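J.: what follows is a predicted protein model with its sequence.
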Amino acid sequence: MNLNYTAEEESFRAEVRAFLQAELPDDIRSKVRLGRRMRKDDLMRWQKILYRRGWGAGMWPKRYGGAEWSVVEQHIFDEEGAAAGAPPQIPFALRMVAPVLMTFGNAAQQSYFLPRIISGEDWWCQGYSEPGSGSDLASLRTSAVREGNHYLVNGQKTWNTLGQYADWIFCLVRTSSDSRPQQGISFLLIDMKSTGVSVRPIITIEGEHEINDIFFENVQVPVANLVGEENKGWTYAKFLLSHERTNNAGIGNCKRGLKRLKEIASKQTVNGRPLIDDPRFRDRIAEVELELMALEITNLRVLSAVATESRAPGPEVSLLKIKGSEIIQRLTELQMHALGHDALPLLREALEMDWLAPAMLAEHYGAYAPPLTGQYFNQRKTTIYAGSTEIQKNIISKLILGL
Amino acid sequence: MDFRYSEEQLALQDTLRRFIAKDYDFERRRALARSDLGFSADAWAQYAALGLLALPFPEQFGGLGGNGVDTLVVMEQFGQGLLLEPYLSTVVVCGGLIRDAASDAVKKTVLPAIAEGKLRIALAAYEAAGRYELAHVACSADRDGDGWRLTGGKSVVLDAPSADYFLVSARSSGKLTDTDGISLFLVKRDAPGLELLAYPTQSGGRAADLKLERVGVEADALIGPPGQALAIIERAVDLGMAALCAEALGIVTALNEATLSYLKSRKQFGTAIGSFQVLQHRMADMFIAAEQTRSMTIIAAIQDAVGDTAARRRAISGAKAYVGQAARFVGQQAVQLHGAMGVVDEVIVAHYFKRLTQIDMTFGDADFHFARFSDAAAMRNG
C-alpha cells in the first residue's frame, strides 16, 4: 500500500495548477468563490477553455478526444479545480449521455454528438423523472410510438435540471407496455428545438430557476436518434446511473466548502473573538472534516478498484453518493449558522456579481454572506436527486449485503 | 395536573383556525410575502378586533390579562398558518417588555394603542459583531440636558420596516460587553438621525438594519432604570423565545400532517410509499419529535410566571435548544420524504422548512442556547 502521489502525479498537479492560474477567467472564479449566479455562458466558456487545452473530457478515451486520465489524475484535477474556484463541468453531457453513446450508440451518433459535447457546443439535459415516476423510474409513461422513420413522443418529464439552456435532451420513453415495465423502455435523443417541446420553469425553495417540467406533444423524433436497441433503454439507464454516481462524492466541492467554512468562521465574531475559537462551533467543523477525510480515501479506494479491475462501477458507488451529499449539506448548514443573524436577510439582488453591499450592511455583512442560506436550502436536493439516500441504501443492502 | 386547554383557549384556537382556513390560505400568504408591506394590514385589524393584540396585557391597560399558555395557543396557529404579521415583535416581545418594565404613564399610552392595532414596535437589541449576545452593546447613550443622544447601529431588527417605534438598547456606561450600563429607549421611527435599511427575510418577513446618528430622545423615552436594562430585555426575549417554540410547534405539527398524508397517497413501486418500513420508522421519529417539542413548549410557556430569573433563563434556553434540534430534524425529514416536491417554491413544505430554519436562528440558535443550558454554574444550580 502506498498513499503517496508519484512524481508524475505531482508534476501533473503542478501542470493543472499552472493552467488554472493562467486560464481560469477571473469573473468566473469570483462567481464560484462568492456563490453568485452562474449563467450558461460562464459554464460553456469554461468548457471551451478546457477543450482547447485537451482537457474537455478528462476521463474519456483518447479516441473520442478525451485525456484518458487515471482515477488519481481526475481526482487531482477536481481537487485543484475546486481550490482554484473553477466551476464544475455540467455532468449531463460529459458524464451521462456520452458514456452511453460510446458504449451503446452507433458510429453516426458517436461522430456527430461526441465532438459537439467535448467542445462545449451542445448543452444536454436529462429526461428521466416524471410526475408519477421518481424513485420508481421504470413506471415511466412518456410514450414513443413508431410511425415510419420517426417516433411520435407524448408525455411529461419533470425535475429536469437546467433544461432551459439545453440543445438536446436524452429521454427514457416507453415503446412497449407488453411485458415488465423495465423491458418496454427506450433511450431516445431529442432535439429541444423540435416542434411540440415546451419548457415550464419550476422555482426551487431558495427562489432560483434551476429545474423544469418538460412537455412533449406529438414531437417527431427521427428513428436515427434511438440509442442502441428499442426496448433496451433500461439497461443503458442503469449503466448511466453507475457512471453518474462515480462523481457523486464531490470531494473537490466538499473541500472547497470546508475551506470556506473555516474562513467564514474565522471572520465572524463572538464576544470579540473569532467564531472558530468557540469550542462548540469548532467541534461541529471537526466532525464534518473527519467525515470528509475518510470519504476522500474511500472514494479513491472505490474508484481505484473499478479502474484496476477494468469494470463498470458497481453498487459500491452508492455509498459515495450518500456520504458526499450528507457532507455538502452539513457544510452549507454550518456556513449558514456561522453567520448568525446575518443569515436571515434575503438579498436576491446580491447574487449578481455587480452587487455592492449598501454602506450600512457592508460594515458587517461579508461578501460571502448573500448566497449561504439559499445554498443550504438548495442543497437539500442532494439527498433526493439521482437516487435518494433511501434508494441508495436499498441498493447497498440488496446488492452488496445480500439482504 | 391538567394539560387541557381552557374553554376560552379552545375557542381562541378555533377562531384562529377558521380565520386561517378562510382568509389566509397558502396562495394568499405567498402574495402577502411578496407585497410591499410583507403582511396583511386587514389581518392586523382583525387580530385587534378579536382581542389578540390585547391578549397578554393587564385589564387596567386595555388588555385581556392572558398568560404564557394563551400566547402558546396563538403562536401555535401562527405556525400552522405561517402568518406573517408582526405579532411576536409588537405584542409578545415589545408589548411584554413595556408591560413588565415600563412606567404606568408609558403603559397607559402604549398598551391600549397596541391592543387597538394602532401601534407597532420592534426590538432593536442585537448588533452585528455581537452575534446572539444581548449584552454586546456598542450603541451609545449620552446625556443631553434632560434627555439622551443615541449613536450606533443595530442589525437585523425583525419587523422594523412596519414599526412605528423601536425599543433600542444603548450603552450609558461601562465596556462593550458589560452586563451593567445598558439602557433602553423607546425611539420614534421618524426621529431625526435614525436611518433604516430594509430587506425581506428568508422566511417571508421583513427586517432592517438601523443606524442612529445622535438621535435625540426625551427623558421619558427611557424604559426601566438607566444602566440596568439588560435583565428586562432578557426577560422579554425569553418570553419571545417561548412564543417562537410555540410557533415551531405549530409548524412541526403541520409538517407531520402533510408528510403523513403524502406517505399515504404517494405511490411508487405499485404501493403507497408509507408501506416501506424505513419511512414508517422515520415518520414515527418525527411524531416523537413533535410530542417532545410540545412538552418543551409547555415548559417554556409557563416561565412567564416563574420568579427565579436563573431558573427561567435556563428552562427557556433548554426549550429553545431542544425545539431547535427537533424542528431541524422534522423540517429536514419532511423535505426528504416529500422528495423533489419538498424543495419547490409552489409547495408549502419548503416554506414551513424555511420558517423553522429562521426561527432557530432568531434570538440565538440551538447551539447557543444549548451552551447556556449546559453552562456549569447553571447546571449545578438547575
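T.: Alright, I've got the coordinates.

J.: contacting residues for the nearest residue to B:Gln303 once chain neighbours are set aside?
T.: What sits nearest to B:Gln303 in space, not counting adjacent residues and going by C-beta to C-beta, 6 or more residues apart in numbering or on different chains, is B:Arg312, at 4.6 Å. From N, CA and C alone the C-beta is placed, and that goes for glycine too. Taking C-beta atoms under 8 Å, 6 or more residues apart in numbering or on different chains, we find B:Arg312 in contact with B:Arg235, B:Asp238, B:Gln303, B:Val306.

J.: which parts of the stretch 201-350 of chain A sit against chain B?
T.: Neighbours of chain B within the stretch 201-350 of chain A, by C-beta under 8 Å from any C-beta of the partner chain: A:202-205, A:207, A:211, A:268-272, A:275, A:280-281, A:284, A:336-337, A:340-347.

J.: 6 Å instead, please
T.: Within reach of chain B by C-beta under 6 Å from any C-beta of the partner chain, the stretch 201-350 of chain A has these residues: A:202-205, A:269-271, A:280, A:340-341, A:343-346.

J.: so which of those sit within helices?
T.: Among those, DSSP state H puts A:Arg280 in helices.

J.: which ones among the residues of the stretch 201-350 of chain A next to chain B are found in strands?
T.: Judged by DSSP state E, strands contain the following of those: A:Ile202, A:Ile203, A:Thr269, A:Val270.

J.: wait, the third one touches B:Glu127, no?
T.: No: the pair A:Thr269 and B:Glu127 fails to qualify as a contact (C-beta atoms under 6 Å) at a distance of 10.8 Å.

J.: which one of the two has more residues nearby?
T.: The neighbour comparison of A:Thr269 against B:Glu127 (other C-beta atoms under 10 Å in any protein chain shown) goes to B:Glu127, with 23 against 20.

J.: check the more buried one and give its pLDDT.
T.: Listed pLDDT for B:Glu127 reads 94.

J.: that one and B:Leu134, how far apart?
T.: As defined by C-beta to C-beta, to the nearest Å, B:Glu127 lies at a distance of 9 Å from B:Leu134.

J.: quick one, which of the contacts of B:Arg312 has the minimum pLDDT?
T.: B:Val306 (94).

J.: A:Phe170 belongs to a helix, doesn't it?
T.: No: looking at A:Phe170 with DSSP: H, G, I helix; E, B strand; the rest coil, it is strand, so not inside a helix.

J.: I'd say it and A:Met96 touch.
T.: No: taking contacts as C-beta under 6 Å, A:Phe170 lies outside contact range of A:Met96: 7.4 Å.

J.: what about the two, which has more around it?
T.: More crowded of A:Phe170 and A:Met96, by other C-beta under 10 Å: A:Phe170, with 27 against 22.

J.: that older thread, the residue nearest to B:Gln303 in helix, strand or coil?
T.: Under the three-state scheme (three-state DSSP), B:Arg312 adopts helix.

J.: for the stretch 1-150 of chain A, what spans make up the helices?
T.: For the stretch 1-150 of chain A, the helices defined by DSSP state H, counting those that start in this stretch occupy A:7-23, A:26-34, A:40-52, A:71-84, A:91, A:98-104, A:107-118.

J.: give me the residue from chain B nearest chain A.
T.: Going by C-beta to the nearest C-beta, chain A is nearest to B:Ala128 of chain B, at 3.3 Å.

J.: how about the nearest residue to that residue, chain neighbours excluded?
T.: Distance criterion C-beta to C-beta, 6+ apart; nearest residue to B:Ala128, sequence neighbours excluded, is A:His364 at 3.3 Å.

J.: so the one you found sits against B:Gly130, correct?
T.: No: checked against C-beta under 6 Å, the pair A:His364 and B:Gly130 is beyond contact range at 10.1 Å.

J.: of these two, who's got more company?
T.: Ranked by neighbour count (other C-beta under 10 Å), A:His364 and B:Gly130 place B:Gly130 first, with 23 against 20.

J.: isn't the more buried one up against B:Val137?
T.: No: B:Gly130 is beyond contact range of B:Val137, at 7.6 Å (criterion: C-beta under 6 Å).

J.: first-to-last residue distance for stretch A:337-345?
T.: 13 Å (C-alpha to C-alpha, to the nearest Å).

J.: which parts of the stretch 1-150 of chain B sit against chain A?
T.: B:Tyr126, B:Ala128, B:Ala129, B:Arg131.

J.: hmm, what's the outermost residue in chain B?
T.: Distance from the C-alpha centroid of chain B peaks at B:Gly270, with 44.0 Å (C-alpha atoms, centre = their mean).

J.: residues contacting it?
T.: Residues near B:Gly270 by C-beta atoms under 6 Å, 6 or more residues apart in numbering or on different chains: none.

J.: where's it relative to A:Trp234, distance?
T.: For B:Gly270, the distance to A:Trp234 - C-beta to C-beta - is 17 Å.

J.: residue ranges with poor pLDDT in the chain?
T.: Using chain A here. A:245-246 (pLDDT under 70).

J.: switch to chain B, that's the one I care about
T.: Within chain B, the segments meeting pLDDT under 70 span B:382.

J.: what ranges does it have for its strands?
T.: Assigned by DSSP E, the strands in chain B fall at B:121-124, B:140-144, B:147-158, B:165-171, B:182-188, B:194-200, B:206-217, B:222-223, B:267-268, B:271-272.
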